[in-house]
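K.L.:
here is my input; please provide its structure:
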Amino acid sequence: MHARGLGSRSLASLLSAWRGLYRWLARHRGYSANPAEGVRAPRPARRLPKALSVEQVQRLLEAVPGDAPADLRDRAMFELMYSSGLRLAELVGLDLGDGRLDLRQGEVTVTGKGAKTRTVPVGARARQALEGWIGVRAQLAAPEEKALFVGARGRRIAPGIVERQLRALAARQGVPGRLHPHMLRHSFASHVLQSSQDLRAVQEMLGHASISTTQVYTHLDYQALARVYDAAHPRAKKK
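P.N.:
I've put the predicted structure just below:
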């Protein structure tokens, strides 16, 4: 079936069905072996998330419509996600006044997957946008609400609202495709990597445990990886 062109995901589903069938036959029909148990489907290719171009990101971030509190909030959220490569859950989980967001030092500390904490830089445009939002946040936030970003009811903003606001902005700007917040994180990684060629630094800023994850995530091709290896490995450098 693989030779005839059946995809790896389809093969995996087929093998799963066969394994389940033979387990049932073993219990109810006396079969002594499961012939599909040791058969593994080819590993599926990893789907690479898409990145926006630098021009698309600039057009998107510079098009937040006005100076209403919700507009300032949206601008701050999207600037921060692109500036620092935050995941959506890390963004909405930020609190105000807990010391994790330090605009003077230009850095933010977040807790990501696996309860891993990392500190990443916050760029000048994001700092400016955050200062604008924090200045009007009290107009939207409920009393004693700790969340940095709040929704229309004054409570911590829901991830779905962030997604909706970003897609609405993308539609107004004519950015093609189904834009989601994770694309800002991926665009951050791709653009920093293109400029710096520093794979390890991008890995640290993204909070990836494995550098192979970063390699796939940022569309790094073999030639770019080879250049990093040649520049970094002591036995790869020419005398």
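
K.L.:
so who does L52 touch?
P.N.:
For L52, the contact set (Cβ atoms under 8 Å, 6 or more residues apart in numbering) comprises 60, 175, 179, 183-184, 187. C-beta here means a position set from N, CA and C on the backbone, and glycine is covered the same way.

K.L.:
just Y31 next, same as before
P.N.:
Contacts here follow Cβ under 8 Å, 6+ apart; on that basis Y31 touches 22, 25.

K.L.:
name the nearest of the contacts of L52 relative to G99.
P.N.:
Of all those, the one with the least separation from G99 (Cβ to Cβ) is L184, at 24.6 Å.

K.L.:
quick revisit: of the contacts of L52, closest to R23?
P.N.:
M183 (40.9 Å).

K.L.:
from the contacts of L52, which has minimum pLDDT?
P.N.:
The member of the contacts of L52 with the lowest pLDDT is V175, at 76.

K.L.:
E145 touches R156, doesn't it?
P.N.:
Yes - at 7.1 Å, E145 and R156 qualify as touching, with contact defined as Cβ atoms under 8 Å.

K.L.:
can you name the element that comes right after the helix or strand E163 falls within?
P.N.:
Per DSSP states H and E, E163 falls inside helix 159-173. Later in the chain than helix 159-173, the nearest helix or strand by DSSP H and E is helix 182-196.

K.L.:
tell me the angle that following helix makes with helix 159-173.
P.N.:
Per axes from the mean of the first three to the mean of the last three Cα atoms, to 10 degrees, the angle that helix 182-196 makes with helix 159-173 is 70 degrees.
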